[in-house]
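A.B. asks: Have a look; sequence and predicted model below, questions after that.
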Amino acid sequence: MHGRPRKASKPEEEAASAAKAVKLRSLQSQFMTNHHDKIYTKEAIELSTKLLEINPEAYTAWNYRKLAVEDTLSRIESDPNLVNSIFDEELRVVENALRQNFKSYGAWHHRKWVLSKGHSSIGNELKLLDKFQRLDSRNFHAWNYRRFVVELTKRSEQDELQYTDDMINNNFSNYSAWHNRSVLLSSLLAQNADGFMPNEKIPDEYDFVHSAIFTDPDDQSGWFYHLWLLDQTLNVETPLLTSAWPSHGSTIILSGAGCLNSSSSKFTTFCSESGSFPLILYSDQAVGGVSSSTVTIDSELKGNEDLVWEPISNKNSQVSCVWVTHLKYVSSDPCEYKVKIRVGNSPGIISSRGYNFSAPYEFVFTAHVHDTVEDSQEGIVSWTDGFDIWDAKSKDLKSLVTLDRLEAEIDFEWRQEAIDSEVECFGILADSKIGKLTLARLLMAREVMVSDDAVKGVRYEEILQLYNELMALDSSHYQYYKDEHSVAFLHKVTSSSESLSRHLFRYRGMNNLVCLRLNNLSLSRIASVKKLLFVQMLDLSHNELHSTEGLEAMQLLCCLNLSHNRIRSFSALDSLRHVKQLKVLDVSHNHIGKHSVDTTRYLCSSPLSNSEWSQDGVGRQNPGLVTKYWDAYFVLRDLNLKQLDIAGNEISGDEFSSFVLQVVPKLVWLDGQKLGN
Amino acid sequence: MGQLVADKHVRYILMAEKKKESFESVVMDHLRMNGAYWGLTTLDLLDKLGCVSEDEVVSWLMTCQHESGGFAGNTGHDPHILYTLSAVQILALFDKINILDIGKVSSYVAKLQNEDGSFSGDMWGEIDTRFSYIAICCLSILKCLDKINVEKAVEYIVSCKNLDGGFGCTPGAESHAGQIFCCVGALAITGSLHHVDKDLLGWWLCERQLKGGGLNGRPEKLADVCYSWWVLSSLIMIDRVHWIDKAKLVKFILDCQDLENGGISDRPDDAVDIFHTYFGVAGLSLLEYPGVKVIDPAYALPVDVVNRIIFTK
């Protein structure tokens, strides 16, 4: 029972309760007889009034009253006074019921039902609400009802915004009022209503929410509103292309499967059995409508007229930040080609919020098609030997990681000013949790906005320090700050080619693959992937990762080391299903099979999340194992793995290994052992 | 730290069923179907479903079915989608879905979908995202999702998303953990979780944990055991449950037990009830408490029951 103290009841209380119960039960059974026999006499209706006064939650009694009203209305002449008196009685019953239980869904709905019938007393509703909302300013039923009345009476959004002003000024600790303010204000901002231009209104709102946060930094009422304002400050409506692969001005080497006779260490080499390579577009927000008509490609590579673009996202979504297509080439035909890409030439690329791609953008790269001299070998890929360090001074790196963020014609000035002034304000609150957290977020936002290389990245140390302090200060949410720390750390690593080159290697074993090593960094989360699209081999071993969320954008990735992390299930690897090049995967020494709760159960495309399921031979032969190892089954069968390491997980064992071999018949290496044919 | 007094909770549930003469139980008469679902699921999580007479439960349950196909909260009451889901879930626990006229039940639910994709709770037209969840969950268990316009249903739920990342009962309504469970659950079941801003919502949800370890349902509210379910299940579905302190929450739930007479209450030392007993045990299940079966965060049924339904062609 909500909020009722636990105590053994005294005998006299029990007797009283029993007597009340007898009375209520008899009322209830009389009512049911009336309801079933469709008796709508005055006495019968009054009986339901009594029942609802005692128990406003008796929903069938509200239904009965609606039937009774309809019955009466059908019998009387349309005498407006009579009709109104009937409605007035209903409103009175609701009011009494609400006094008994302010949270009764049935009572609130009955009131809406009466008013929707065109009852004329609508003018009184706001007065009644004011009274109720003073008594309980957080009651969400009352707020919902208020929005219903406002819509019915066409009261202006400005007037309602003023109401939230009054509520907040009366008591800032009213999350419901802040919420309603965010709804109203975002509508007014979207309409560009008079006095609601973002560059004028948002700075005012920062001042307003400070009154809440600075009065009591531990009170959460203003926290989320502030975060929303920050998002509004950063949010440039039109989508921008933030990175692409191959990048502008770069050279790539393409070949068939196998080894090149002289693979260059200067360029990215891409080998493919199917004779195609990915072209990746990455925008700052999810967009739809990327197609061969919105992206034009100018090259002499043959057979690329009607390219199919795919969003890298959940199957039910037609929008994504990452879009990919595959360009064909003929490896037996060595030559050099220039490829020119124009994005957004004709309209059609639209963000999920409905904004058009800002301006056309063009980039060019060179593709050298090479012949292969040797057959492909299926040797084991090692994560310890065969690596060359990266020449940090090489200009090549620059072309790999250059990012071209289009400077849209949007006034960054007020945005930067707003953030700078917030940074200053929150410096004062830096002892409190929300002060530190907000400061860290503001500084991250500042880094995103800065385009000047000279001052870029200078505040990452400060951000990392703030998250370290938060981990110590608020240990209950340790892992949240830890994840944010990882994000900031990866932003720092990828903020310049100098810092990135410290983690870059070439793997000689496979045509000098570009390898990024981010092992042993206690990373709990992946970020900054848009700056890592060129990576072909990724070492994330000895970290604290529990999911591969984010890696789906790395379309060139063919070898991934996730050993010694905290992966709990194969469903956590769902994003890798998009990485069609992936051949080598090490998930040894993780937590697969150790936990009963699977936190990615519904983030993985499977029959559980309403995905069509066509049963294959494995499914038909082993229904039991498929149910037991469903996540391994649905994820692994979509990968094209040649080498897999799963040792050191709870799930490992003969039964599981033999199941894996059935699901991935093309596997060559399992746990370091070459498989016989 | 205390222990889960599972045997006492089992006894409490079995007793509550027999105690019908108190005023409290008469007031709750109209939602006995929900009560049965809470009690029976708790028993199953504690591996004690065998303690009840399946035949007795099922024959009473079938007296609650209305000619429209929907179920009432109790014999003689009106049908409502709220009780229809509970009835279907109870039958799923017993692996008895087949005794239903599935076409009829699913039609009752499907007909409650409105033009804009939303769902009404019954013929009287109250609209709420709770009903969207219920319809989707119920039809998915019955393998009849194709009877509704799933795309529209998802669109409506997304229109109830707020700027704090949470969801309310109708567009513009304030975020509330219970409502968030419903919306995230419905999106999970329909494979539409990409509509959720996982980091934003995850932060809002993890900030529901208060100093004492318990979770509240909205900012600046008191902790309550029932949110152990609503918040935890949502955090699990979006893979952000590591953002709260699980050990502290386990302790909070265990502290809400009535160690003498069984049952769990909303807060320590409050009166227990079957609703909080269920949410407490379900919460412990999501926290991987030993000896409690695993519950599915979207369907609110034991995982073995859900897997049996979903992976059986």
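C.D. replies: Yep, it's here.
A.B. asks: What residues does the stretch 301-450 of chain A have near chain B?
C.D. replies: Proximity of the stretch 301-450 of chain A to chain B (C-beta under 8 Å from any C-beta of the partner chain) is limited to residues A:313-317. In this view, the C-beta of every residue, glycine as well, is placed from N, C-alpha and C.
A.B. asks: how about low-confidence regions in the chain?
C.D. replies: Unless you meant another one, I'm taking chain A. A:1, A:120, A:258-266, A:373-378, A:392-411, A:451-455, A:677 (pLDDT under 70).
A.B. asks: oops, chain B please
C.D. replies: B:1.
A.B. asks: Any idea how many residues pack against residue A:358?
C.D. replies: 19 (other C-beta atoms under 10 Å in any protein chain shown).
A.B. asks: Isn't residue A:141 up against residue A:102?
C.D. replies: Yes: counting by C-beta atoms under 8 Å, residue A:102 is a contact partner of residue A:141 at 7.2 Å.
A.B. asks: which of those two has more neighbours?
C.D. replies: Neighbour comparison, residue A:141 and residue A:102: the larger count goes to residue A:141, with 20 against 16 (by other C-beta under 10 Å).
A.B. asks: Derive a PyMOL selection command for the buried subset of the residues of the stretch 301-450 of chain A next to chain B.
C.D. replies: Buried residues among those (16 or more other C-beta atoms under 10 Å in any protein chain shown), as a PyMOL selection:
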select buried, chain A and resi 313+314+316+317
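A.B. asks: wait, residue A:531 sits on residue A:243?
C.D. replies: Yes: using C-beta under 8 Å, residue A:531 makes contact with residue A:243 at a distance of 6.5 Å.
A.B. asks: Give me the neighbour count for residue A:20.
C.D. replies: By other C-beta under 10 Å, neighbour count at residue A:20 equals 16.
A.B. asks: Just confirm yes or no for the host helix or strand of it near chain B.
C.D. replies: If you go by DSSP states H and E, residue A:20 is part of helix A:11-36. Yes: Helix A:11-36 is in contact with chain B by C-beta under 8 Å from any C-beta, via A:14, A:17-18, A:20-21, A:24-25, A:28, A:32, A:36.
A.B. asks: By neighbours, which of the residues you listed wins?
C.D. replies: residue A:28 (23 neighbours).
A.B. asks: burial of residue 85, as a residue count?
C.D. replies: In the absence of a named chain, chain A is used. 10.
A.B. asks: actually it's chain B I care about, not the one you picked
C.D. replies: 27.
A.B. asks: From what I see, it and residue B:136 are in contact.
C.D. replies: No: look at residue B:85 against residue B:136 with C-beta under 8 Å: they stay out of range, at 9.8 Å.
A.B. asks: so what does the helix holding residue A:20 touch, helix or strand wise?
C.D. replies: helix A:42-54, helix A:59-75, helix B:23-27 (3 or more C-beta pairs under 8 Å, 6 or more residues apart in numbering or on different chains; DSSP states H and E).
A.B. asks: same thing but at 6 Å, please
C.D. replies: Here helix A:11-36 touches helix A:42-54, helix B:23-27, going by 3 or more C-beta pairs under 6 Å, 6 or more residues apart in numbering or on different chains; DSSP states H and E.
A.B. asks: Name the single longest strand found in chain A.
C.D. replies: Using DSSP state E, we find that the single longest strand of chain A is strand A:276-288.
A.B. asks: Give me the sheet partners of it and which way each runs.
C.D. replies: With DSSP bridges as the test, strand A:276-288 is paired with strand A:241-245 (antiparallel), strand A:320-328 (antiparallel), strand A:350-351 (antiparallel).
A.B. asks: contact partners of it?
C.D. replies: Contacting residues not belonging to strand A:276-288 are listed as A:239-245, A:254, A:270, A:318-328, A:349-352, A:530, A:533, A:555 [C-beta atoms under 6 Å, 6 or more residues apart in numbering or on different chains].
A.B. asks: Sort out which residues of stretch B:216-233 are buried, please.
C.D. replies: The neighbour-count criterion (16+ other C-beta under 10 Å) identifies B:216-219, B:221, B:223-233 as the buried residues of stretch B:216-233.
A.B. asks: same question, stretch B:46-64
C.D. replies: If you call a residue buried by 16+ other C-beta under 10 Å, then stretch B:46-64 has these buried ones: B:46, B:48-49, B:52, B:57, B:61, B:64.
A.B. asks: restrict those to contacts with chain A.
C.D. replies: Among these, no residue lies close to chain A (C-beta under 6 Å from any C-beta of the partner chain).
A.B. asks: From the rest of the structure, what touches stretch A:640-659?
C.D. replies: By C-beta under 6 Å, 6+ apart, stretch A:640-659 touches A:381, A:583-590, A:592-594, A:625, A:629, A:664, A:667-671.
A.B. asks: how much space between the nearest residue to residue A:547 once chain neighbours are set aside and residue A:425?
C.D. replies: Spatial nearest neighbour of residue A:547, excluding adjacent residues (C-beta to C-beta, 6 or more residues apart in numbering or on different chains): residue A:572 at 4.5 Å. Per C-beta to C-beta, to the nearest Å, residue A:572 is found 40 Å from residue A:425.
A.B. asks: more crowded one of these two?
C.D. replies: Using other C-beta under 10 Å, the more surrounded residue of residue A:572 and residue A:425 is residue A:572, with 30 against 18.
A.B. asks: That one touches residue A:600, doesn't it?
C.D. replies: Yes: under the criterion of C-beta atoms under 6 Å, residue A:572 makes contact with residue A:600 at 4.4 Å.
A.B. asks: residue boundaries of the helices in the stretch 1-150 of chain B?
C.D. replies: Applying DSSP state H, counting those that start in this stretch to the stretch 1-150 of chain B gives helices spanning B:6-18, B:23-27, B:32-45, B:54-63, B:81-93, B:102-110, B:129-141, B:150-159.
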